[in-house]
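Asker: coords please:
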Amino acid sequence: MTDTILDEAAVAAAWNRNADLWTREVRDGLDLYRELYTLPAFLAFMPPIAGRRVIDLGCGEGSNTRRFARLGGMMTGIDLSTAMIERARQQEAQEPLGISYEIGSFGELAPFGDGDFDCALSTMALMDGPDLGAALRAAFRVLKPGGTLCFSVLHPCFITPAIKWLTDETGAPLGLRVGHYFERMPFVEHWRFSRRDGSEGQAGREPFTVPRFPRTLSDYVNAVIDAGFRIVRVEEPRPGEELARKHDWLDRWYRHVPLVLFVSAIKA
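Answerer: Sure thing, here's the model as predicted:
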């Protein structure tokens, strides 16, 4: 719990503070979960986007937006953080991919008109906004009829406010303890990327500060439906078996629970 009001202004301020370190470490390939697990799975899950107008909701410094552009999407990214968008625009100037970046809330999408896009993508961002319903209604508005929404979030059933790996006497994971699943009180989390050797939370490294907005699985599903979408596919991807054998920190997710939830829906 925190005395700070965790609204969009607080989210923007946190990501402005995170921007330098986040950009440096992401571009150095230190977000290993993204590089090895969550993004490859999402790229296989999302619809084809070549030749389609696509908006990336919560694009950050643009790493994933650039990957989508290389798949042929005509990309627009939007993010609350002015510092993140500044870095995304700098990279676009150095390596033009035809991406347009806007500063703004994915809860409003104010710069865009009704039906401007064929597809809305969001990778690990909707969970960090205070008003999920508003974000999904805004996405519905800016999509053309038949347009697709596809997003990833931390799995709400397993990444809860009280989470702990249970281990045996050798330290091998036995399973995951979760708790406070129904707790929806926003909080601020401090965390670091895993390093290349797979260790986590190394001492001496500055942590990211990220406002979190806990939700249940039904919160996500019902918000998509209430916005007017028709859900067409849901996935709970596992790391690849070969990668799980190679990395202990991925093996636990392979053996026990999914880290992320994917949802794809259509504007009917």
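Asker: give me the contacts around the helix or strand hosting Arg177.
Answerer: Assigned by DSSP states H and E, Arg177 belongs to strand 173-179. The contact list for strand 173-179 (CB atoms under 8 Å, 6 or more residues apart in numbering) reads 157-158, 160-168, 251-252, 255-257. Every C-beta, even on glycine, is put in place using the N, C-alpha and C of the backbone.
Asker: after it, which helix or strand is next? Please name it.
Answerer: Counting by DSSP H and E, what follows strand 173-179 is strand 187-191.
Asker: next structured bit after that following strand?
Answerer: Scanning forward in sequence from strand 187-191 by DSSP H and E, the next helix or strand is strand 208-212.
Asker: who are the packing partners of that next one?
Answerer: helix 8-27, strand 187-191 (3 or more CB pairs under 8 Å, 6 or more residues apart in numbering; DSSP states H and E).
Asker: buried among the contacts of strand 173-179? Make that a PyMOL selection.
Answerer: This is how PyMOL selects the buried members of the contacts of strand 173-179, with burial counted by 16 or more other CB atoms under 10 Å:
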select buried, resi 158+160+161+251+252+257
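Asker: inside helices: which ones of the contacts of strand 173-179?
Answerer: The helices, defined by DSSP state H, take in Asp251, Arg252, Arg255 from these.
Asker: so who does the first one touch?
Answerer: This means Asp251. So Asp251 contacts Pro173, Pro239, Ala244, Arg245 (CB under 8 Å, 6+ apart).
Asker: count of residues packed around the first one?
Answerer: By other CB atoms under 10 Å, 16 other residues sit near Pro173.
Asker: swap in the last one?
Answerer: If you count neighbours by other CB under 10 Å, Arg245 ends up with 12.
Asker: contacting residues for it?
Answerer: Neighbours of Arg245 in contact, by CB under 8 Å, 6+ apart: Asp251.
Asker: wait, a helix at it?
Answerer: Yes - counting by DSSP: H, G, I helix; E, B strand; the rest coil, one finds Arg245 located in a helix.
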